[in-house]
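In: Give the three-dimensional model of this entry:
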Amino acid sequence: MNLPVILIVAGAFLAFAVLVILLGGPSAGKAKTRRLAMVKDRHAASTEAVVAAQMRKTIQSGGKGSSTLTSLMPRREEMEKRIRRTGKGWTLTQYMFASMALFVVVTGGLLVLRAPILMAGMIGLFLSLGIPYFVVGRAIKKRVAKFNTRFPDAIDLLVRGLRSGLPVTETFQVVSQELPGPVGEEFKGVVERIRIGNTMEAALQESATMLGTAEFQFFCITIQIQRETGGNLAETLANLSDVLRKRAQMKLKIRAMSSEAKASAYIVGALPFFVFGVVWSMNPSYLAGFFIEQRLMIAGIGGLIWMSIGAGIMAKMISFEI
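Out: Next up is the predicted model:
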């Protein structure tokens, strides 16, 4: 790689870092919310509020030593929550450096192949932002799918424990020890939060917020209603387990029936990009006008917009809420 290309890649990397810094910055609204929470915790009298205040102070003190780059990232809390949902132990710093490294590699590789600078920068920026986000999303989806697969078994285990005379918290402990994977991890977190003073409803709701699945939310609502109104919790949970299994079967049936439409959508959506790449590799000058001529650039952007609208319509057509 010659010196001009190295300088261009270094400049692109620096521009990307500066862009992150300029778009970031501390949020005044979030800082105001934190100050109000600190004042509220200072005058709180309940044990639960005191415990929550201590947990927030611990989290904030642990985050003070984090990277300056991550502290400047916009919507940092949402991104950290998204990364935690993967259950992989990744950090926000690793995520950002992976994005930057991918931008440098893709942009530098396209410049070595003598691609236009604008095209290389746009493709590098798109892939550096899209691929890590896609990988995190796939990890979250995979973990949630594993959780939903074993969750009815966890409910059955809870039912057997309740029918044998164990209290609810003890059955949670049994599930966390007997079932591996995401189910055991989430119930272990619930048990730990209950031990440090949180109520059962608050501990379950925190896991429900982290998972973001309707199945666990149904479970939390069932527990809450039973604790308020009474009744046979074992029988209620047994009915919930049966409903969740039927819901999973219906989802599998819908996925099987819509697989042909999904395959057609993938082929139709990828074909223009495949043809563009093949023609570009054989005769770059033939398609160079899409990055120079204003009319061709408008036509290309319009085509991408219409393709995105079509892909969105097809996605909505095969998306069903159960």
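In: Averaging pLDDT per element, find the lowest-scoring helix or strand in this protein.
Out: Lowest by mean pLDDT, DSSP states H and E among the helices and strands of the chain is helix 47-63, with a mean of 48.
In: In the host helix or strand of residue 175, which residues are buried?
Out: Taking DSSP states H and E as the definition, one finds residue 175 inside helix 168-178. Within helix 168-178, the residues scored as buried using 16 or more other C-beta atoms under 10 Å are 168, 171, 172, 173, 174, 175, 176. In this view, the C-beta of every residue, glycine as well, is placed from N, C-alpha and C.
In: Give me the contacts around that helix.
Out: With contacts defined as C-beta atoms under 8 Å, 6 or more residues apart in numbering, helix 168-178 is touched by 154, 157-158, 161-162, 166, 183-185, 187-188, 190-191, 194, 200, 223, 233.
In: how about 10 Å then?
Out: For helix 168-178, the external contacting residues (C-beta atoms under 10 Å, 6 or more residues apart in numbering) are 150-151, 153-162, 164, 166-167, 183-192, 194-195, 200, 203-204, 223, 226-227, 233-234, 237.
In: what's the spacing between the spatially most central residue of the chain and residue 125?
Out: Geometric centre of the chain, nearest residue: residue 82, 4.0 Å, by C-alpha atoms, centre = their mean. Between residue 82 and residue 125 the computed distance is 20 Å (C-beta to C-beta, to the nearest Å).
In: returning to what we had before: can you name the element that comes right after the host helix or strand of the residue nearest to the centre of the chain?
Out: According to DSSP H and E, residue 82 maps onto helix 76-84. Counting by DSSP H and E, the next helix or strand C-terminal to helix 76-84 is helix 92-112.
In: Using PDB, list the CA coordinates for that next one.
Out: Extracted in PDB, the C-alpha atoms of helix 92-112 (Å, rounded to 0.1, in the frame of the first residue of the first chain):
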ATOM      1  CA  LEU A  92     -19.100  -1.000  24.600                       C
ATOM      2  CA  THR A  93     -15.400  -0.200  24.100                       C
ATOM      3  CA  GLN A  94     -14.800  -3.400  22.200                       C
ATOM      4  CA  TYR A  95     -17.900  -2.700  20.000                       C
ATOM      5  CA  MET A  96     -16.700   0.800  19.100                       C
ATOM      6  CA  PHE A  97     -13.200  -0.300  18.300                       C
ATOM      7  CA  ALA A  98     -14.500  -3.200  16.200                       C
ATOM      8  CA  SER A  99     -16.600  -0.700  14.200                       C
ATOM      9  CA  MET A 100     -13.600   1.600  13.600                       C
ATOM     10  CA  ALA A 101     -11.300  -1.300  12.600                       C
ATOM     11  CA  LEU A 102     -13.900  -2.600  10.200                       C
ATOM     12  CA  PHE A 103     -14.300   0.900   8.700                       C
ATOM     13  CA  VAL A 104     -10.500   1.200   8.200                       C
ATOM     14  CA  VAL A 105     -10.200  -2.300   6.700                       C
ATOM     15  CA  VAL A 106     -13.100  -2.000   4.300                       C
ATOM     16  CA  THR A 107     -12.200   1.500   3.100                       C
ATOM     17  CA  GLY A 108      -8.600   0.700   2.700                       C
ATOM     18  CA  GLY A 109      -9.400  -2.500   0.800                       C
ATOM     19  CA  LEU A 110     -11.600  -0.600  -1.600                       C
ATOM     20  CA  LEU A 111      -9.000   2.100  -2.100                       C
ATOM     21  CA  VAL A 112      -6.400  -0.500  -2.900                       C
END
